[in-house]
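Undergrad: With the input below, show me the fold.
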Amino acid sequence: VPGRSRAMIKIQEGCNQVCAYCIVPKVRGRERSIPVEVVVREINDRVSQGCKEVVLTGTQLGTYGFDLPQVNLVSLLRRILAETAVPRIRVSSLQPQEISAELLRLWEDSRLCPHFHVPLQSGSDSILKSMRRRYDTAGFSQSVGLIREFIRDPGITTDLIVGFPGEGQAEFRQSRDFASGIGFSDMHIFPYSIRPGTSAAHLAGHVNDVKKRERTGEMLELSAAAAREFRQGALNQTRPVLWESAKRQESGRVWRGLTDNYLRVRTTSGKDLGNTITGARLIAVDEDWVTAEVV
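TA: Sure thing, here's the model as predicted:
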């Protein structure tokens, strides 16, 4: 759409990983990669319409290209960097076991946004095993450590499921404490809900709704504290911001935008900042927003 500052570009759909709680493989089928040429062409089309950022989307980005000859996510990103002029590229989500030094070296190019969404789902090893996830907490920590080794001040966001069958008080505490220790920049918390047709629906030890609500509330508090800490830690940094929209207020036009590492920021300016990328110094935190000065 002309004038749209960010575009979602699907590079892959379907999923071959059969996590116990998820219906996606049944609903969307096996993994299929969109050919590189199609992805590059679509990005160039969006750039010609004025788009400044593309977000690469799919269910299972890290295994992109397994069904195409001599293609993987690394080679796709290299082609996008070489054959498009899009100023910002964001990878929407990666599984922890798919994060490698070879992949992270590409982030030396500042067009790749230093924001990683890495779903944790649980910080308890026994629950991860029951969920049929393909990593444990040690592997997850290692992946996050690798990101921080290669990239300065990255935003690392995650998904967490609360109240999965078999999650007792001990497993919940393990999950909460592990998530707390990672230092996420934001966390999306989901109370477990039964999906008919998944193996988790048949597991023993379903958690009652009252406990689920209590634990969800506790995790949401942890999430809010982690996000606040990340925003506070970003103060006095100067980061590139893509300005997306404005609201007229008494103080003038208040522009809203997104930093490269996924902080929501706003600034008051009489200039037309719409769909531009500028440097911005982060000066104050106000609830979910960071106030910035354009530099």
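Undergrad: Name the residues of stretch 36-49 that come out as buried.
TA: For stretch 36-49, the neighbour count (16 or more other C-beta atoms under 10 Å) marks Val36, Val39, Val40, Glu42, Ile43, Asn44, Arg46, Val47 as buried. Yep, even glycine has a C-beta here, placed from its N, CA and C like the rest.
Undergrad: again with stretch 177-185
TA: Buried residues in stretch 177-185, defined by neighbour count with 16+ other C-beta under 10 Å: Phe178, Ala179, Ser180, Ile182, Phe184, Ser185.
Undergrad: JSON lines please, covering these and showing pLDDT, distance to Ser126 and secondary structure.
TA: What follows is the buried residues of stretch 177-185, written out as JSON lines (pLDDT from 0 to 100; distance: C-beta to C-beta, whole Å; DSSP: H, G, I helix; E, B strand; the rest coil):
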{"residue": "Phe178", "pLDDT": "98", "distance to Ser126": "12", "secondary structure": "helix"}
{"residue": "Ala179", "pLDDT": "98", "distance to Ser126": "16", "secondary structure": "helix"}
{"residue": "Ser180", "pLDDT": "98", "distance to Ser126": "19", "secondary structure": "helix"}
{"residue": "Ile182", "pLDDT": "97", "distance to Ser126": "19", "secondary structure": "helix"}
{"residue": "Phe184", "pLDDT": "98", "distance to Ser126": "22", "secondary structure": "coil"}
{"residue": "Ser185", "pLDDT": "98", "distance to Ser126": "27", "secondary structure": "coil"}
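Undergrad: among these, which two are most distant?
TA: Checked with C-beta to C-beta, the buried residues of stretch 177-185 reach their widest spread between Phe178 and Ser185, with 16.2 Å between them.
Undergrad: Backbone torsions only: list them for the closest residue to Ala284 other than its chain neighbours.
TA: The spatially closest residue to Ala284, leaving aside those adjacent along the chain, is Thr291, at 4.2 Å (C-beta to C-beta, 6 or more residues apart in numbering). Note on Thr291: backbone dihedrals following degrees, to the nearest 10 are phi -80, psi 140.
Undergrad: Thr291 and Ser269 touch, don't they?
TA: No. With contact taken as C-beta atoms under 8 Å, Thr291 and Ser269 are classed as non-touching, separated by 11.9 Å.
Undergrad: Quickly find the element holding Glu102.
TA: Element membership for Glu102, per DSSP states H and E: helix 101-105.
Undergrad: Return the list of helices and strands in contact with that helix.
TA: helix 73-83, helix 137-150 (3 or more C-beta pairs under 8 Å, 6 or more residues apart in numbering; DSSP states H and E).
Undergrad: Take the ones you listed and write them to JSON lines, including mean pLDDT and distance to Gly233.
TA: Formatted as JSON lines, the entries for those read as follows, by pLDDT from 0 to 100; distance: least, C-beta to C-beta, whole Å:
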{"stretch": "helix 73-83", "mean pLDDT": "98", "distance to Gly233": "28"}
{"stretch": "helix 137-150", "mean pLDDT": "98", "distance to Gly233": "13"}
